[in-house]
Structure formats: structure tokens, C-alpha cells
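Chemist: coords below, sequence missing:
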Ligand code: HEM
């Protein structure tokens, strides 16, 4: 039984919540500023229970009633939802940096609690963010442009091993390819970040990193209640503990790698992204640029972001590509025919083949569009009062970019729900570059994916190599419904893999 004092505390807390809810509502209704309209939600939890199994579709249904920009609440956070190419472009490009922040959700707080420093991907917009983004982009550029063959070799080897493993495991008995694809992608990212000479097959680090990612994906998915309702940590303390432990495990691995690199660092022979960071740290000390220091902990946070963002997205995109090929055998046949005629079976596909593997490229683009694995991107945040589509947006409002509404906008794509790779080809059989600009799988503006170029290399080599080596068939019916999270995952489908060589 509750005593009188506890009962009073609960009643006061509930009254407080109701009053703050009423205050927020009247602020929207009676202000002389023009705020967007929106559906009615619940106190405390806001619109979370109304988002359903597939939030982007519900967000699109509300768009039909309230227009391209409308307001909702995510737990205790006021939010606006931005739909369609024009409005997303306005929010990410025209509005400058007004919406380039990130909300301080529970996940961002957990990441920050390690050092007190903002995380890069989940941290908000600041001069330190701008500096860190420049350093990350420079390090990635070094290995995706200047030393592209370094990445190509790593991905090629991993793709060949993956093809062999899949055939060995699934040529007689259908099964889920998720674990093997995850290990292949994790080992690619591991070598790019920490060194090509790593014996990744034997390295338990890769498995620890890969296994932790699923939990992080679930925790940070849009609409994840514990992320947007901080008080839930007292109801489900275990969830937060799991996230913290995963973080600690990862940090330990990265610390070991960074310390090893310190001992063997040679500025005239940069071996990987960690070396590129060490080099940048040295240069910053010499330049003394505005007091920004690339500390060991900042390096670890950046490496963590690159490996988590890079592994999860690439693994899931590769699984989606294979699943669509198994579900659409005629498309799979046409991709294999193209690869056989342009590349043959004697050598692996290379990036230099890309301009001639146009249908293969159109398939990659169409799967990325139709699935839209980050359908509401990462959450953005208004760092100042601003406007979008004529509506006022207050500072400290969460900004949800409904990227699914961009990749499924009927006036651009005609039949957005149909899988039709040819839509990305012009009449003369080239890639339709103007249409590419309307599909935004990597986002737009200041917060656009920093690993876009690496992701494109990884996906192209992995997919074309798998298509060259293997044939994929579904055992049972195709289920193309995604499982929601931060990155949308395919259902565990049973697939058989035959050798094509
Ligand atoms: C198929 C692969 C990938 C897709 C579809 C993808 C997509 C995205 C999207 C939509 C965002 C959020 C943009 C926004 O907030 O507006 C993002 C952010 C990010 N991505 Fe990727 N990504 C992929 C692969 C990668 C790879 C390989 C890396 C690392 C090497 C990476 C690193 C990051 C980082 C660090 C951010 C945070 C950027 C920031 O906050 O400024 N991504 N990505």
C-alpha cells in the first residue's frame, strides 16, 4: 500500500504533467506566430502509440490531412515532421544550419556520459562538430579517393570469402544470411579503420562489435520509447545498462587499437583511418587552430560512429539487395547476364567496371529507394527559431525528416511501391542522374552521411561480386516487410545459395 506522502507525490506529478501539456497546446493555439497544425496525441507519450508498426507510412497518412509540415510530440519532445522533397530540401539546405542540431535523447546522453564530450553522429551542432566533421571527411576521402585501391582490395577479398561461405552453408539447406553478411561487412570496416593486415577471421573484436550493433539499432530507432522518455529509465533500468555495457566493450577495443597505433605511427605511411586521425591530431597541435584538440577520446568516439554507422547500414543494404534478387529472379538474371558480359568469370568486378554495369547500378539505386533503410533519417533539431514552408519552428523542436515520403513521392516516381530498376535508366540506357538527385538515401545538407562515398564503393563491390559468384533463391514466399529500428532490417528469410562459377 502507498503511504499518504507517496500518493500526494504521484497526484502532484500527474497534475504537473497535465498542466505542462495544456500549456504547450495553448502556446501552439493562441500564439500570433503561424505554427503548423497536427493530429491530437496523448499526454506524456505524445504520438508514439499512434505511429503503428511502420511509422513512415503513418507519417505519410498525416501528411494527406495536415500538409508537408505538421507537428507531433515524441514523448516529452515537441516535434515537426517534414515531408516531400521540396520541404526536406528547404529544411536541410535553404534553412542553413537552423535544423542541423540533434536532440539530446537518452542515447545521446549515454554516449556523452563517457567523457562529457558530445558524440559526433548523435551530438548536436557546434563549432567542435564542424571541426570534427572536417577531420572525418578528410580521413575518409584519403582512403576513398586518393587510395581507393586500398578499400577496393579489402572489400573484394571479403566479398569473395562471403560468397564461398554462403555457398558452403546454404547450397543444400536454406537459411538466414544475416550473420555471415554482418561478419563480412564488420571485417571490411574493421580493416579500413584499424589496418589491412588484421587477422579479422580470428579476431573476436569484430564479433563483439557486430553483435552489439543490433541492440544499439533497436534502442536508437525513431519512436523507441526509452530514447525519448527519459523517465522510463527508472522503469526499465536494464535497457540503459545494456547500452552502457556495449559502449564500454566497444570503447575498450578501440582504445587497444588506438594505443597500438600510437606505438607504431609513421606519418609518411598512413595505414588506415586511425593513422589518418593520429596524423590530423599532430597537425592540429602544430596549427593550433582555435584550440580544438583531437584527443584520444574524441578519436575513439569518431571511430565508434564510423564503425557503427558503417556496419549496420551496409550489412542491411546488402541483405536487402540479396533478398530482392531472390524475390525477383528475372532482375537477378539480368544483373548476372550484365556482369558475365562486362566482367566475365575470370576476374572479380572492379570499380572501373561501374560505368558499364549500368543495370547493376540501377538495381542498387532502386533497392535503396524502395527500402529507404533510414526512413526518418537521424533526428534533427532546431538550434534557433526559424521557418519552414512559411511555418514558424521554435528553437528546441525535434525535426523529423520523413525520407520515406521523398523516396515514395508519387509525383516524382509515378508508381513508387513497384520495384522497377529500369526507372533509373534513360531511354539511351544510361543512369538517369536527374532522378538520382530525387532519391536521398544519404540525406542532404550539413548532416548528410559522411561515409557516402565509402558506402557506395562497399555496396557496388559486394553486390556485383556476390551476383558474379552466386545465385539466390527463396525457400518459401518473399516477405519484404521491414523490421523497424534506426536502420530498417529485412525479416529473417530463408534463402538458398548456389555456386555460379
Ligand atoms: C548504405 C549505406 C549507408 C546509408 C544508406 C547511410 C545513410 C545515412 C543517413 C540517412 C544519415 C543521416 C543524415 C541526416 O542526419 O540527415 C547518415 C549519417 C551518418 N553516416 Fe551514413 N549511411 C550509410 C553508410 C555509412 C558508412 C559506410 C559510414 C562510415 C564510414 C557512415 C557514417 C555516417 C555518420 C558518421 C553519420 C552521421 C553524420 C552527422 O551526424 O553529421 N554511413 N548516414
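Modeler: Ah, there it is. Keep in mind the model is a prediction, meaning the values are calculated, not measured.
Chemist: which stretches of this structure have low pLDDT?
Modeler: For the chain, the stretches flagged by pLDDT under 70 are 1-10, 12-13, 16-32, 197-204, 214-226, 233-237, 239, 288-290.
Chemist: give me the number of residues near the residue nearest to residue 74 when sequence neighbours are not counted?
Modeler: Take residue 74 and drop its neighbours on the chain: the residue closest to it by CB to CB, 6 or more residues apart in numbering is residue 228, 4.5 Å away. From N, CA and C alone the C-beta is placed, and that goes for glycine too. When neighbours are defined as other CB atoms under 10 Å, residue 228 has 24 of them.
Chemist: Look up how far the ligand lies from residue 228.
Modeler: For residue 228, the distance to the ligand equals 17 Å [CB to the nearest ligand atom, to the nearest Å].
Chemist: Also residue 265?
Modeler: Separation of residue 265 from the ligand (CB to the nearest ligand atom): 21 Å.
Chemist: show me what contacts that residue?
Modeler: With contact set as CB atoms under 8 Å, 6 or more residues apart in numbering, residue 265 has these partners: 275, 278, 279.
Chemist: again, only this time at 6 Å
Modeler: residue 278 (CB atoms under 6 Å, 6 or more residues apart in numbering).
Chemist: how deep is the residue nearest to residue 185 when sequence neighbours are not counted tucked in, by neighbour count?
Modeler: What sits nearest to residue 185 in space, not counting adjacent residues and going by CB to CB, 6+ apart, is residue 315, at 4.3 Å. When neighbours are defined as other CB under 10 Å, residue 315 has 27 of them.
Chemist: ok now the strand or helix carrying residue 315, how far from the chain's centre?
Modeler: Under the criterion of DSSP states H and E, residue 315 resides in helix 296-327. What separates the centre of helix 296-327 from the centre of its chain is 7 Å, taken as CA atoms, centre = their mean, to the nearest Å.
Chemist: now the helix or strand just after it against helix 296-327, angle please.
Modeler: For helix 296-327, the following helix or strand on the C-terminal side (DSSP H and E) is helix 329-342. Calculated by axes from the mean of the first three to the mean of the last three CA atoms, to 10 degrees, helix 329-342 forms an angle of 110 degrees with helix 296-327.
Chemist: Give me the packing partners of the helix holding residue 315, helices and strands only.
Modeler: helix 178-194, helix 204-220, helix 237-264, helix 358-371, helix 452-469, strand 470-474, strand 489-490 (3 or more CB pairs under 6 Å, 6 or more residues apart in numbering; DSSP states H and E).
Chemist: Is it positioned near the ligand?
Modeler: Yes - judged by CB under 6 Å from any ligand atom, helix 296-327 comes into contact with the ligand at 305, 306, 309, 310, 313, 314, 317.
Chemist: Dump those residues to JSON lines, plus neighbour count.
Modeler: Putting the residues of helix 296-327 next to the ligand into JSON lines (neighbours: other CB atoms under 10 Å) gives the following:
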{"residue": "305", "neighbour count": "20"}
{"residue": "306", "neighbour count": "22"}
{"residue": "309", "neighbour count": "22"}
{"residue": "310", "neighbour count": "24"}
{"residue": "313", "neighbour count": "23"}
{"residue": "314", "neighbour count": "26"}
{"residue": "317", "neighbour count": "25"}
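Chemist: The stretch 201-350 of the chain against the ligand: which residues are in contact?
Modeler: Near the ligand, when you scan the stretch 201-350 of the chain using CB under 6 Å from any ligand atom, you find 305, 306, 309, 310, 313, 314, 317.
Chemist: picking up where we left off before, gap between the residue nearest to residue 74 and residue 244?
Modeler: Residue 228 sits 18 Å away from residue 244, going by CB to CB, to the nearest Å.
Chemist: tell me the SS of residue 78?
Modeler: Classification of residue 78 using DSSP: H, G, I helix; E, B strand; the rest coil returns strand.
Chemist: Name whatever forms a beta bridge with residue 425.
Modeler: residue 431 (DSSP bridges).
Chemist: Just to check, it is in contact with residue 362?
Modeler: Yes - with contacts counted by CB atoms under 6 Å, residue 425 reaches residue 362, the gap being 5.4 Å.
Chemist: Tell me which of the two has more neighbours.
Modeler: Neighbours were counted for residue 425 and for residue 362 using other CB under 10 Å; residue 362 has more, 26 against 17.
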